[in-house]
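> here's my sequence, what's the structure:
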Amino acid sequence: MGSRVRWLWLGYGIHGYEIWSALPPWGCLSGGAGDPGGCCPPQAQGPDHHCKRLARWRAAWRMSWQELLPCLDKAAELGARQALFFLQGQHKVRRVLLERQDSSLLPLARSAVHEGYHEAVLGTLDEVASTAGDAGIAARALACIAEVLGCMARGEGGLRSGPAANREWASAFGRLESGDIAGGVRELAAERQKWMSRPALLVRAARHYEGAEQILVRQAVMSSCQFVAVGQAELPPLGHWVQVACPARLDFSGGWSDTPPITYEHGGAVVDVAVLVDGCWPIGARVRRISEPELRLISLGGTPQSEVVAELVCRELEHLQDYCQPHAPGALLKAAFICTQVVQFPSQKPLQAQLMESFRGGFEVHTWSKLPHGSGLGTSSILAGAVMASLYRAAGKAASTESLIHAVLHLEQRLTTGGGWQDQVGGLVPGIKIGRSKAQLPLRVEVEEIQVPDGFTQTLNDHLLLVYTGKTRLARNLLQDVVRNWYARLPSAVQNADALVSNAEECAQALRQGNLPLIGKCLDCYWQQKKCMAPGCEPLAVGRMMDALRPYVYGQCLAGAGGGGFLYVLTRAPRQKEALHQILAKTEGLGNFSIHSVEVDTGGFSVKVVGCDAEDCACPGEHTAVKAFALTHS
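Model prediction:
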């Protein structure tokens, strides 16, 4: 039997026929040594028919490309090549998502929309989201669908960032919330078809897909609750306060790498320092049991002795239903009662019945913070940790610091603020440390204390200062923009995530060495990385302030996500508070700034049960402590 003939497809003819050309057998054109005819290499020499077939092929009638071109149907040829390209693109979509690759699918989405292949790409994304069996993969697939819809709007229809609360999407959202990812994705796809007619509807549909993606991110992160271990403790007497005071935190490097989904898709590392501000713990909470079966939620001013700023009383379960709306009154405290399982929600059993059955009464919670809103010092997450620690203890339970870190992570997902883990690591674990998370689910945070040279903690205290910029940090849409860029896997976002983690490890090493100039270099690098991750986070006045201070500092950075709040600086000379104040006072366009001392808190927070008369206690610190329970720092 002769060798199998190989064919080359040349394209479509003008009448739709395919044009093929026969190729010579393998090796016959290579002209190997030992073949005087120049047609067969040594390994291919054999029966004469191989060379005879080559001779027939050489003698056959053939056309040049110039002669062939008029015979081709160019439109059919282009269509076939487009179809092949996007078929390969669909395979790439599956491969990139299922294998969790850091390749950007945004160029493919734009090309598919431009060439009219968006329906095929949307169908593939639906398939991946509904069959992956992984909330993290499904979330990225839904984010990609939002990108396709955004591309289809072609820059019209308004901003992508905005509400995603149209009731037509509620059923699909409900399925996702219940864990039925496949059913939810199918309902999303069915609803999507009604929103494809004009740019404004496409943009709104994209918003709702991002809302659906956020549901799945929350579910992925809430898997971390398996690392929350709660034990039993003695139930404090009725009316006795359980009080927690916490430091603030400074993020020295690595922030944003702790943010879901970056933290569980890429891995994160953040160097944090627990700090006292002007010699005080600025954040705190206290809880006590009361005889009335109700929840009293009270916000104080800057200290436990301050006047009441806001008060809310919850007597029915319905009063807790807005716990997942961050701007609702008392939302954080409501979420804390639910996440600690002090209150079961939802439940068929009324709130008062639950409280009387388990605790023979209700609870009163006080919270306070000396820090301004949007300070960038991790206030809300640290406050959540303080509330949960005191609430656990007041309910006769105990949790380690490691458990509290993951409990706060869980709470913030339930609260829908979508925060990461660096704030609670910074404020709940004492001293200088580096937190890390691996690129995997369930998300687990591990904390390593950074051992610094003897005396270096005091050196750091002498060279660190906090400058309040006078600008309130406006973080609206900031997180959403960062997550959107990450899901698009923009090369700059991926490279910056790598750089954040590597800079955190370098900063940790600089701290171990006690090397102030190198630490300052890491701070400056970190600020550039923050600006790359969240463009626009440096207000003009803050830029002027940093320019004025640059000759006098080793490094400086805005705390947290930037945009305002506190600037922390590492000065070249020690104890420079007055000198920096004079420099900034001479700088135009800064507004109302202030400078504050800061020192590393090496003791950490503790949970204390203090004696208190239920009728006249104004400040638990004025009474003799009857019992103190320090949490273990795991």
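> pLDDT below threshold where in this structure?
Filtered on pLDDT under 70, the chain yields the residue ranges 1-49, 473-477, 612-634.
> ok, then the element right after the longest strand anywhere in the chain?
In the chain, taking DSSP state E as the definition, the longest strand is strand 268-277. Next helix or strand after strand 268-277 toward the C-terminus (DSSP states H and E): strand 283-290.
> report the buried residues of the host helix or strand of Asn485.
Using DSSP H and E, Asn485 sits in helix 478-487. Buried positions in helix 478-487, judged by neighbour count with 16 or more other CB atoms under 10 Å: Leu478, Leu479, Gln480, Val482, Val483, Arg484, Asn485, Trp486, Tyr487. Using the backbone N, CA and C atoms, a C-beta is placed for each residue, glycine as well.
> hmm, Leu300 is touching His366, no?
Yes - counting by CB atoms under 8 Å, Leu300 does reach His366; the two are 5.5 Å apart.
> the two: which is more packed in?
Comparing Leu300 with His366 by other CB atoms under 10 Å, the one with more neighbours is His366, at 24 against 20.
> please report the distance of the more buried one from Leu105.
His366 sits at a distance of 49 Å from Leu105 (criterion: CB to CB, to the nearest Å).
> same check, this time on Ala143
Going from Ala143 to Leu105 by CB to CB gives 10 Å.
> who touches both of the two?
By CB atoms under 8 Å, 6 or more residues apart in numbering, Ala143 and Leu105 have these common neighbours: Ala488.
> ranges for the strands of the stretch 151-300 of the chain?
Taking DSSP state E, counting those that start in this stretch as the criterion, the stretch 151-300 of the chain contains strands spanning 230-232, 241-246, 248-253, 268-277, 283-290, 295-300.
> mind putting these in a markdown table, distance to Leu54 included?
Output for those, formatted as a markdown table (distance: least, CB to CB, whole Å):
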| stretch | distance to Leu54 |
| --- | --- |
| strand 230-232 | 80 |
| strand 241-246 | 84 |
| strand 248-253 | 67 |
| strand 268-277 | 62 |
| strand 283-290 | 85 |
| strand 295-300 | 90 |
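> pick the most buried one from the ones you listed.
Using mean count of other CB atoms under 10 Å, the stretch among those with the largest mean neighbour count is strand 248-253, at a mean of 28.
> gap between the two ends of stretch 188-204?
End-to-end distance for stretch 188-204: 13 Å, by CA to CA, to the nearest Å.
> list the buried residues for it?
Leu188, Ala189, Glu191, Arg192, Trp195, Pro199, Leu201, Leu202, Val203, Arg204.
> of those residues, which is the nearest to Leu567?
Checking those against Leu567 by CB to CB gives Val203 as the nearest, at 36.1 Å.
> in helices only, show me the buried residues of stretch 188-204.
The helices, defined by DSSP state H, take in Leu188, Ala189, Glu191, Arg192, Pro199, Leu201, Leu202, Val203, Arg204 from the buried residues of stretch 188-204.
> what's the closest non-adjacent residue to the last one?
So the one you mean is Arg204. Trp195 (6.4 Å; CB to CB, 6 or more residues apart in numbering).
> look up how far Trp169 lies from that neighbour.
Taking CB to CB, one finds Trp195 at 9 Å from Trp169.
> and if you look at Arg360?
Note on Arg360: its distance to Trp169, by CB to CB, is 43 Å.
> could you do Met222 as well?
Distance, Met222 to Trp169, by CB to CB: 21 Å.
> swap in Asn515?
Relative to Trp169, Asn515 is positioned 53 Å away (CB to CB).
> for those two, indicate the residue with more neighbours.
Higher neighbour count among Asn515 and Trp169: Trp169, with 22 against 16, using other CB under 10 Å.
> what residue, apart from its backbone neighbours, is nearest that one spatially?
Sequence neighbours aside, His208 is the residue nearest to Trp169 in space, at 4.7 Å (criterion: CB to CB, 6+ apart).
> repeat for Val148
Ala109 (4.7 Å).
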